[in-house]
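**Student:** quick one, fold the following:
(2 chains)
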Number of protein chains: 2
Amino acid sequence: MTDVVAGIDIGGTNTVLGLVEKSGKIIEESALKTADYPSFGDFVRICANLIKDLAKKSGVNLAGVGIGAPNGNFYRGTIEYAVNLAWNGIVPIARDFSDILGVKVAITNDANAAAVGEKIFGGAKEIDDFVVMTLGTGLGSGIYVNGKLLYGHSGFAGELGHVGLVFDGRVCGCGQRGCAETYVSATGICRTAVELLSQKREHSILRKYSFDELTSKHIAKAAGEGDLIALLAFDVTAKYFGKIIANTVAFSSPQKIFLFGGLAKSGDILIVPTKKYAREMCLESMRDTFEIEMSKIPSANAAVLGAAALIWEKLR
Amino acid sequence: MTDVVAGIDIGGTNTVLGLVEKSGKIIEESALKTADYPSFGDFVRICANLIKDLAKKSGVNLAGVGIGAPNGNFYRGTIEYAVNLAWNGIVPIARDFSDILGVKVAITNDANAAAVGEKIFGGAKEIDDFVVMTLGTGLGSGIYVNGKLLYGHSGFAGELGHVGLVFDGRVCGCGQRGCAETYVSATGICRTAVELLSQKREHSILRKYSFDELTSKHIAKAAGEGDLIALLAFDVTAKYFGKIIANTVAFSSPQKIFLFGGLAKSGDILIVPTKKYAREMCLESMRDTFEIEMSKIPSANAAVLGAAALIWEKLR
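**Tutor:** Numbers count the residues shown, from 1 in each chain, chains lettered A, B, ... in the order given. Next up is the predicted model:
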């Protein structure tokens, strides 16, 4: 029987899971609404049985379960105080899945899982020092150092989205101020656009949207039509992003930085100036030592592949 | 014959060297004026012969040479474009010392050497994830991850002093703006004090010093006497420092942060509020996962011990 690993991506809205072969091929996929399970015990039981049924149906052997989830702690196998999930406090998710399925279970946060996915299935197979940055609603990151994911003493290392970018800057959901993700993320670029609307006098289509209505897609579309405020919002965001990358280089000096997620797919309008600013704002001694690339993992499957890679990395 | 390692600390003004036993005992010490040797070849020859003579005089066997120097590159054994040294471009210092002395030679920058010293001889013997921050004229750092010093792809990783703290902030000697060391260092606190003098109206003894005259010692003395501006300069510096530490925790999640250097010895007036701010400004999930301590290496010998530790680490 072929060995497969179940990859589970737990988000505040949806949980997506799939059975993943060693090659990275996903042979089965399914999903459920996370919010439908306010009871953590119910969630684990339903989810584990779904995996069991999928494996049985496909006639494969389940070799392990990898989980990507907000505030997933690799060392303790727990989800701890995740604000977007209904389960309060600390939940022992690895142990509970393992009790039902009888296989090895590993967990980390979603951005770390994306980095492991890049290492095992993507563009970082031969690279020991790299960073994956995921630009969604927030800014996530996973950092590889010497060929290993950086968990740190607490198991929560690699939170570039909450490294300060602007001292005493924008209020962040984490309770701090000036965090990188309040500037560089889908919500960050919206805040920047609204700030620009307040500062400038140029006509802009973006003036027709309320703060609540405005999305990064509106800004991208307006920029494509030559809207000056929208173009400026991308340039300002690229400058912030360049600084985040320069800071990351000063810290761990990665060989490559892989970008991932919705905003990263804005394309040249964001990535070209980001590369320019990152290089300019980097320490001279490291200016030519890193490259910025798009993730090599197909985005539709990235979360499930990344979660599964957590186990495939151990089994190899 | 007892094995010893030569530790060499190369600074812009002085080069200090010593013969160090495995226990960390320094059996011989010497120094020379770096600036007296504009020729790199002369410097290496004089310095290597000094080491040879010291070893001969003491009847010990030279087992290797460790060097701490600005912009020292561990991978290539070079000093590269160090602005405070007279030798232009890239100099192959490890190879040249090795050619004369016939032993293994390793080099890194001074702050990294301090971190290796902390690991081999100081307070980090049993700790795998820690950071040493050296507060002198600038802010240096050495970062341990998984029991290894973080060199990164370029060999220059761990430059916390040049991670941005204030976006578009103070101009730094490196050419960038807002670098951490322009706020938290002996020169940084002077800039903060002068900025406060410009903003506030309170009487202060510090108003009697020119920018060029003012030192961190003047500020410490004035603070000890209850000078409001001086006290505020320490509090503002502690807040900046706390943020640097919180950023470092978000990045690599060290178990301990060791502080070292002149400004760090200001004592409670800086360290107590720094600990408070660092905790407050840290992500909640990591707030109780790190400790801030003074370096356990005697400061008089730290540079030489750190440099020697580079080799003792390999020989163990």
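
**Student:** just the helices in chain A please.
**Tutor:** In chain A, the helices defined using DSSP state H lie at A:40-58, A:93-101, A:110-121, A:186-199, A:216-224, A:228-252, A:268-280, A:302-315.

**Student:** which residues are contacting the first one?
**Tutor:** Pointing back at helix A:40-58 there. A:4, A:6, A:8, A:15, A:17, A:19, A:27-28, A:30, A:32, A:34, A:37, A:61-62, A:65, A:87, A:91, A:93, A:96-97, A:100-101 (C-beta atoms under 8 Å, 6 or more residues apart in numbering or on different chains). Just so you know, the C-beta spots here come from the backbone N, C-alpha and C atoms, and that holds for glycine as well.

**Student:** in ChimeraX, select just the buried ones from those.
**Tutor:** To isolate the buried ones among the contacts of helix A:40-58 in ChimeraX, judged by 16 or more other C-beta atoms under 10 Å in any protein chain shown, type:
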select /A:4,6,8,15,17,19,28,30,32,34,37,62,65,87,91,93,96,97,100,101
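
**Student:** of the contacts of helix A:40-58, which belong to strands?
**Tutor:** With strands taken from DSSP state E, the overlap with the contacts of helix A:40-58 comprises A:4, A:6, A:8, A:15, A:17, A:19, A:27-28, A:30, A:32, A:61-62, A:65, A:91.

**Student:** quick check: pLDDT value at the closest residue to chain B within the stretch 201-316 of chain A.
**Tutor:** Closest to chain B within the stretch 201-316 of chain A is A:Ser253: 2.5 Å, counting by C-beta to the nearest C-beta. What the model reports as pLDDT for A:Ser253 is 98.

**Student:** how about it: what's its closest non-neighbour residue?
**Tutor:** Once flanking residues are discounted, A:Ser253 sits nearest to B:Gly152: 2.5 Å by C-beta to C-beta, 6 or more residues apart in numbering or on different chains.

**Student:** check A:Glu29 too.
**Tutor:** In space, A:Glu29 is closest to A:Gly18, 4.3 Å off (C-beta to C-beta, 6+ apart).

**Student:** what's the burial count for the one you found?
**Tutor:** Using other C-beta atoms under 10 Å in any protein chain shown, A:Gly18 has 25 other residues around it.

**Student:** ok, back up a step: comparing the helices of chain A, which comes out most buried?
**Tutor:** When those are scored by mean count of other C-beta atoms under 10 Å in any protein chain shown, the highest mean neighbour count falls to helix A:110-121 (a mean of 28).

**Student:** what's that one packed up against?
**Tutor:** The helices and strands touching helix A:110-121, judged by 3 or more C-beta pairs under 8 Å, 6 or more residues apart in numbering or on different chains; DSSP states H and E, are strand A:61-68, strand A:130-135, strand A:139-145, strand A:148-149, helix A:302-315.

**Student:** run through who's touching the last one.
**Tutor:** When contacts are defined by C-beta under 8 Å, 6+ apart, helix A:302-315 is touched by residues A:3, A:5-9, A:11, A:16-18, A:20, A:22, A:24, A:26, A:29, A:63-68, A:104, A:106-108, A:110, A:113-121, A:260, A:295, A:297.

**Student:** do that again at 7 Å, thanks
**Tutor:** A:5-9, A:16-18, A:20, A:22, A:24, A:26, A:63-68, A:104, A:106, A:108, A:110, A:113-114, A:116-117, A:120-121, A:260, A:295, A:297 (C-beta atoms under 7 Å, 6 or more residues apart in numbering or on different chains).

**Student:** quick one: it to strand A:130-135, angle?
**Tutor:** Here helix A:302-315 runs at an angle of 150 degrees relative to strand A:130-135 (axes from the mean of the first three to the mean of the last three C-alpha atoms, to 10 degrees).
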